[in-house]
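1. Just to be clear, the model below is a prediction. Sequence and coordinates:
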Amino acid sequence: MCDYSLHHLATRPARIEDKLVTTKFSNSITRGFAAAGEPHVAVCLLPGTEIAFDENVECEPSFGLGILPNKKIGQRLARFRQINMDNPVAHHDALEFPDGQVVLVTRLCQGQRATVLQLPIAAHPVAAEEVARREVLEPSLLV
């Protein structure tokens, strides 16, 4: 998904092995992911997409007014998820790290590079269909 503030930009869905960079898009109030080499196209991640950053992630402090240092997350792997879905004007796009930290994508420092490792199974129609077929067949095998 792409956050509400990116809807007026050109977008495309993420693909496995995409090389991403955190970007502050022009004509937008937020940050998101762009593919390396496509700085004006927002790459939309589905909830459950796993990404690996080239280096430990950094983000702006929660109440950063330019006077506090960036927060070092100390993690390189993350899973995309959406939060605050009950509030239509809040940012929804977030990353969850293995240690449980959740950071809004719009707070990520610019210029960080990441690679899409895995898409959620719903993004693979053939794989999702196979899982559904197994779920139907397997109970009958247990009888």
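-> Cool, the structure landed.
2. Quick check: Ile121 vs Glu38, distance?
-> Here the criterion is CB to CB, to the nearest Å. By it, Ile121 lies 26 Å from Glu38. Bear in mind the C-beta positions are built from the backbone N, C-alpha and C, glycine included.
3. Let me know the pLDDT of the closest residue to Lys19 other than its chain neighbours.
-> Spatially, and ignoring its direct neighbours in sequence, Lys19 is nearest to Ala36 (4.2 Å; CB to CB, 6 or more residues apart in numbering). Per-residue pLDDT puts Ala36 at 91.
4. beta partners for Arg79?
-> Per DSSP bridges, the residues bridged to Arg79 are Glu50, Glu96.
5. who touches it in this structure?
-> For Arg79, the contacting residues are Gly48, Thr49, Glu50, Ile51, Leu95, Glu96, by CB atoms under 8 Å, 6 or more residues apart in numbering.
6. Which member of those residues is positioned nearest Pro61?
-> Nearest to Pro61 among these: Leu95, at 16.1 Å, using CB to CB.
7. Roughly how far does the closest one sit from Ala114?
-> Distance of Leu95 to Ala114, given as CB to CB: 9 Å.
8. Can you check which residues contact both of the two?
-> Counting by CB under 8 Å, 6+ apart, the residues touching both Leu95 and Ala114 are Ile51, Ala78.
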